[in-house]
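Novice: test case, fold it:
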Amino acid sequence: MLRTIKKLLPTVLISAVAFSGSVLTTTTAAADEIVSSIARGGQLYDKWYKVIGAETPEETHPAWPDSNTNKSGDATQRCKACHGWDLMGADGAYASGSYMTGITGLTGVADAPTESIIAVIQDDLHGFAGMMDEQDYIDLANFVSLGQFDIDAAINRETGMANGDAAQGEEYYNTVCANCHGVEGDEPSDMGTTLGALSNKNPWEIIQKIMNGQPDEDMPAMRAFGVGVSTDILAYLQTLPAE
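Specialist: Okay, the predicted model is just below:
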C-alpha cells in the first residue's frame, strides 16, 4: 500500500494575531507548538458553535445560495458546508450532491497570513465578527492556512478509498479508538450508523475528524502523528462492517 505521506508537520513561523480595541495588529513569532491550534481550528471549521459552547444557529446563513434548497439552518453555518471537507469547494467532493453550492474552496489560501484569513472570516459576507473569541479566530485561521495537506494523496479521488495500510491502521484503531468506538466501529449508539458506513460514504469527512477530533467530544486528535497515521486508520475503518 502507498505510504507516501507519513511525516509530521514541521515547526513553522506563524503570524500571532493580537487585538487592540478595534485595531488588528500582528507580530511574527516562532511557533514551538502549533499543531494543537490547527487541530482545534479543524473542529471549529467543522462545527464552531459546538466547540465554543454557543447556541446552535437556527437561521440559514445569508451567504448560502438560493440555488441550494437541500440544506438550511445550522447546516449552512458550518465552514465545511460551503468549502467542503476536502477544502476544495466546488472543485472537490461538493461539486455535486446535497451540499453543492458552487462556492470556491480554500486551497488558494494555504500558507496565507493568518491576519488576512481572520479579516475574511469577520467580513460582511461571512459575518462571524464578534461571534468568537480571539483564540478561536487564530485557531481557525491556523487550520485554513497551515493545516491543509494533499488529501488526494491520502484518499483516491475516484474510488474514495484511503491510500493507507489497513493492517497498520488496525493496530492504531484497536489501541486508540476501539475503547470508545467498539471493536467493530458501532459505538457510541447515538452515532446513528457505523464507522464502516461513514468512512466509505464520506472518507473526506472522516479523515478530518481523525486528524482533528470531534467537536464537543473527548475524541483525541491524531494530527500530531502525521497524515499517514490518519490515512492508515481510515483505510482500516473502510474494512469494518457497514451495518
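
Novice: quick one, domains of the protein?
Specialist: 13-148, 152-237 (automatic domain parsing).

Novice: deepest in the core, which of the ones you listed is it.
Specialist: domain 152-237 (a mean of 19; mean count of other Cβ atoms under 10 Å). Any C-beta I mention is one placed from the backbone N, CA and C, and that applies to glycine too.

Novice: show the end-to-end separation of it, please.
Specialist: Taking Cα to Cα, to the nearest Å, the first and last residues of domain 152-237 lie 18 Å apart.

Novice: Ala54 and Asp46, how far apart?
Specialist: Noted for Ala54: a distance of 14 Å to Asp46, by Cβ to Cβ, to the nearest Å.

Novice: show the subsequent helix or strand relative to the host helix or strand of Gln135.
Specialist: Assigned by DSSP states H and E, Gln135 belongs to helix 134-146. The element immediately downstream of helix 134-146 (helix or strand, assigned by DSSP H and E) is helix 151-154.

Novice: show me where pLDDT drops low in this structure?
Specialist: Low-confidence segments of the chain (pLDDT under 70): 1-31.

Novice: so which residues of it form strands?
Specialist: Secondary structure of the chain (DSSP state E): strands at 13-20, 23-30.

Novice: which other residues reach the lengthiest helix in the chain?
Specialist: The helix spanning the most residues in the chain, taking DSSP state H as the definition, is helix 35-52. Helix 35-52 is contacted by residues 9, 54-57, 74, 77-80, 128, 132-133, 136, 138-144, 146-147, 208-209, 211-216, 221, 223-224 when judged by Cβ atoms under 8 Å, 6 or more residues apart in numbering.

Novice: and it, how far out from the chain's middle?
Specialist: Taking Cα atoms, centre = their mean, to the nearest Å, the mean C-alpha location of helix 35-52 is offset from the chain mean by 8 Å.

Novice: dump that helix to CSV, restricted to CA.
Specialist: Once non-C-alpha atoms are left out, helix 35-52 reads as follows in CSV (Å, rounded to 0.1, in the frame of the first residue of the first chain):
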residue,chain,number,x,y,z
VAL,A,35,-0.4,21.5,15.9
SER,A,36,-2.9,21.7,18.8
SER,A,37,-4.2,25.1,17.5
ILE,A,38,-4.5,23.7,14.0
ALA,A,39,-6.5,20.7,15.2
ARG,A,40,-8.8,22.9,17.3
GLY,A,41,-9.2,25.1,14.2
GLY,A,42,-10.3,22.0,12.3
GLN,A,43,-13.0,21.4,14.9
LEU,A,44,-14.2,25.0,14.5
TYR,A,45,-14.2,24.5,10.7
ASP,A,46,-16.4,21.5,11.3
LYS,A,47,-18.9,22.9,13.9
TRP,A,48,-17.7,26.1,15.5
TYR,A,49,-20.7,26.6,17.8
LYS,A,50,-20.2,23.2,19.4
VAL,A,51,-16.6,24.0,20.1
ILE,A,52,-17.2,27.3,21.8
